[in-house]
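In: here is my input, please return the structure:
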Amino acid sequence: MNEFIISGLILGFMGSFHCLGMCGPIVLALPLPQQSWAARITASVLYNLGRTLTYALMGVVFGLVGAGLHLAGFQRWVSIITGAAMILAIVMPRITNRRMGLGKAEAGLTRWVQTMFGKLLGNRSAGALFLIGLLNGLLPCGLVYVALAAALAGGGILNAVVFMTAFGLATGPMLFLLSMAGNVVTRGVRSFINKAIPWVVIIMGILFILRGLDLGIKFISPNQERLQIKERTELKKQHNCCTASIAVERTGEFCS
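Out: Below you'll find the model as predicted:
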């Protein structure tokens, strides 16, 4: 669990500088209320919570798929393929000079989201800001695709939701500061971070591949068979403990 929280936070924080360039124009166009700083802060927080909720819901969907693959015994291969896909997503566009995307589906989704934005950007209500955030989370983005691939490799709904929530929350602070103070990060800093993001993704991809290879490396590539034996032992111990507790309940003795 902790590894998914940390990975999601790292990818989200590094990606937040990328978000300044991709989502910055949307953030600067947000219809934030002008009557007080408290109202502006609340509205910006609602926008970022909307984005995070969309990412968390995506985590539910991809977590369900990942859980199904885990039960089918394909989780190791999912982790390896996911890691390879993350690396290829960075390397291939630099080899082919073409951006990887979803083609017509991506373009259609973008047009629909932009249409909805047009209807909401004139509304300064809290609900409108939250909806804009929800819609913003649906915009096609290579970094989000990487996050979803990582969520898929989590092997379950909880891990996927935790990862995507951590990712969404970590992208929020920079966008929040941008909405409050305009261009808060210099172009040089953003350029440096944007150059670092691909390396972070590649490192994460390598870690996912190692995780799937089942090499017995603690924390990085644990032996899945040993983990399953440990889980079964713990479940058996809990079962025996509960059975013993029922047997001695009248004496006031309980196993620990």
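In: roughly how far does the closest residue to Asn136 other than its chain neighbours sit from Arg124?
Out: Leaving aside its chain neighbours, Asn136 sits nearest to Arg51 (5.2 Å; criterion: CB to CB, 6 or more residues apart in numbering). Bear in mind the C-beta positions are built from the backbone N, C-alpha and C, glycine included. Separation of Arg51 from Arg124 (CB to CB, to the nearest Å): 18 Å.
In: swap in Glu3?
Out: Glu3 sits 41 Å away from Arg124, taking CB to CB as the criterion.
In: same question for Gly133.
Out: In terms of CB to CB, Gly133 sits 14 Å off from Arg124.
In: neighbour count: Arg51 and Arg124, which is higher?
Out: Neighbour count, other CB atoms under 10 Å: between Arg51 and Arg124, Arg51 has more, with 26 against 15.
In: surely that one is within a helix?
Out: Yes. According to DSSP: H, G, I helix; E, B strand; the rest coil, Arg51 belongs to a helix.
In: got the contact list for it?
Out: For Arg51, the contacting residues are 133-134, 136-137, 168, 171-172, by CB atoms under 8 Å, 6 or more residues apart in numbering.
In: equivalent analysis for Thr52, please.
Out: Under the criterion of CB under 8 Å, 6+ apart, the neighbours of Thr52 are 133, 137, 165, 168-169, 172.
In: repeat that for 6 Å
Out: 168-169 (CB atoms under 6 Å, 6 or more residues apart in numbering).
In: same question for Ser79.
Out: Applying CB under 6 Å, 6+ apart, we find Ser79 in contact with 153, 208, 211-212.
In: quick revisit: of the contacts of Arg51, just say which sits nearest to Leu28.
Out: Leu28 lies nearest to Asn136 out of those, by CB to CB, at 12.8 Å.
In: how close does the closest one get to Ile80?
Out: Distance from Asn136 to Ile80, by CB to CB: 32 Å.
In: and the two? Which one has more around it.
Out: Using other CB under 10 Å as the criterion, Asn136 and Ile80 rank with Asn136 on top: 22 against 18.
In: against Ile26, how distant is the more buried one?
Out: Taken as CB to CB, the span from Asn136 to Ile26 is 6 Å.
In: which non-adjacent residue is nearest Phe4?
Out: Spatial nearest neighbour of Phe4, chain neighbours left out: Phe163 (4.4 Å); criterion: CB to CB, 6+ apart.
In: and the next helix or strand past the helix or strand encompassing the one you found?
Out: Assigned by DSSP states H and E, Phe163 falls within helix 157-181. The element immediately downstream of helix 157-181 (helix or strand, assigned by DSSP H and E) is helix 187-213.
In: in stretch 17-28, what counts as buried?
Out: 17-20, 23-24, 26-27 (16 or more other CB atoms under 10 Å).
In: cool, stretch 166-185 as well?
Out: 166-172, 174-179.
In: could I get these as TSV with distance to Ala84?
Out: TSV is the format used below for those (distance: CB to CB, whole Å):
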residue	distance to Ala84
Ala166	23
Phe167	20
Gly168	25
Leu169	28
Ala170	25
Thr171	25
Gly172	30
Met174	29
Leu175	31
Phe176	34
Leu177	35
Leu178	34
Ser179	37
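In: could you report the separation of Gly63 from Pro93?
Out: For Gly63 relative to Pro93 (CB to CB), the value is 28 Å.
In: and the two? which has more neighbours close in?
Out: The neighbour count for Gly63 versus Pro93, taken as other CB under 10 Å, is higher for Gly63 (25 against 15).
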